[in-house]
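**Student:** below is the sequence, then the predicted model.
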Amino acid sequence: MCDRCSESAHERNPPSRRSAMLLAASALSLVFADRAIAKEHKAPPKPQNVLSPDAALKRLMQGNARYVDGVTRRHDFKHEREALAGGQNPFAAVLSCADSRIAPEYAFDTGRGDLFVCRVAGNFAGTETIASLEYAVAVLNTPLILVLGHDACGAVDATLKAIKDDKPPPGHIPSLVDAIAPSAKAAMQQGGEVLDKAIRQNVIDNVAKLKAAAPILNAAVEQGKLKIAGGIYRLSTGTVDLIAQG
């Protein structure tokens, strides 16, 4: 067939509306795919927060040392806002007690976007807290979780009292007691400074619970992508004593 005949045939049989729509859809799919790939490879808002689990723990404790010594850094919140408006990549997650005297962002001398903090009286890992920490690890690639208890914890003390008196506290507080009770009972069997031992045991037990939390946290620990540790905040000094590392 000659070129003219071929051109005439093409003119007589132009691409159908359906074909044109399919071609347009394919083109749009390629565009969206390219955007998705670009998003996946987008630089994190805070590149300095991309750390190994061990490096993240080291940085956390270096911040605590500055806090204890009273030489905390000046954090420029204003100029971080634009970068953080588009995302976050915290280098550590902290499960802390809700006690007003315990402020992880201050205790570890960190800025906005550095810590993913979950707080509840008694610093225990309930279902919602585990889900939040799974989000931090699976979506935000957070390499470290620290369970942070503190001395003279009122929630732990109330649990010990409720067990001893065999009388539940009012309102919804019994839900806290139920969560902390296993650790408190274990400490009561040991004797001695029961409150201090119960606070420590509560941290150890919740570290173990998070390490075993399937399918996300336990897999990340096994793959070496995540470290879960425990610590006790000392009210009188601000020092965080690490326990249950691994």
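**Tutor:** Great, that's in hand.

**Student:** pLDDT weak spots in the protein?
**Tutor:** Along the chain, segments meeting pLDDT under 70 span 1-41, 246.

**Student:** let's see that with 50 instead.
**Tutor:** Applying pLDDT under 50 to the chain flags the ranges 1, 4-12, 20-39.

**Student:** what's the domain layout of it?
**Tutor:** Under the assignment automatic domain parsing, the domains of the chain span 3-39, 46-243.

**Student:** endpoints of the longest one, how far apart?
**Tutor:** From the first residue to the last, domain 46-243 extends over 28 Å; the measure is CA to CA, to the nearest Å.

**Student:** which one of the domains of the chain is the most hemmed in?
**Tutor:** Comparing the domains of the chain by mean neighbour count (mean count of other CB atoms under 10 Å), domain 46-243 comes out on top with a mean of 18. C-betas here are computed from N, CA, C, even on glycine.

**Student:** contact partners for Tyr106?
**Tutor:** 67, 72 (CB atoms under 8 Å, 6 or more residues apart in numbering).

**Student:** where does it land in three-state SS?
**Tutor:** Here Tyr106 is recorded as helix under DSSP: H, G, I helix; E, B strand; the rest coil.

**Student:** kindly export stretch 120-136 (C-alpha atoms) in CSV.
**Tutor:** Taking Å, rounded to 0.1, in the frame of the first residue of the first chain, the C-alpha atoms of stretch 120-136 are listed here in CSV:
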residue,chain,number,x,y,z
VAL,A,120,-0.2,7.9,79.8
ALA,A,121,-0.2,7.7,83.6
GLY,A,122,1.9,4.8,84.5
ASN,A,123,3.7,4.6,81.1
PHE,A,124,2.2,1.3,80.1
ALA,A,125,1.6,0.0,76.5
GLY,A,126,-2.1,-0.3,75.9
THR,A,127,-3.7,-1.1,72.6
GLU,A,128,-3.9,2.5,71.3
THR,A,129,-0.3,3.2,72.4
ILE,A,130,1.1,0.1,70.7
ALA,A,131,-0.8,1.2,67.5
SER,A,132,0.7,4.7,67.7
LEU,A,133,4.2,3.3,68.2
GLU,A,134,3.6,0.9,65.2
TYR,A,135,2.8,4.0,63.1
ALA,A,136,6.0,5.6,64.3
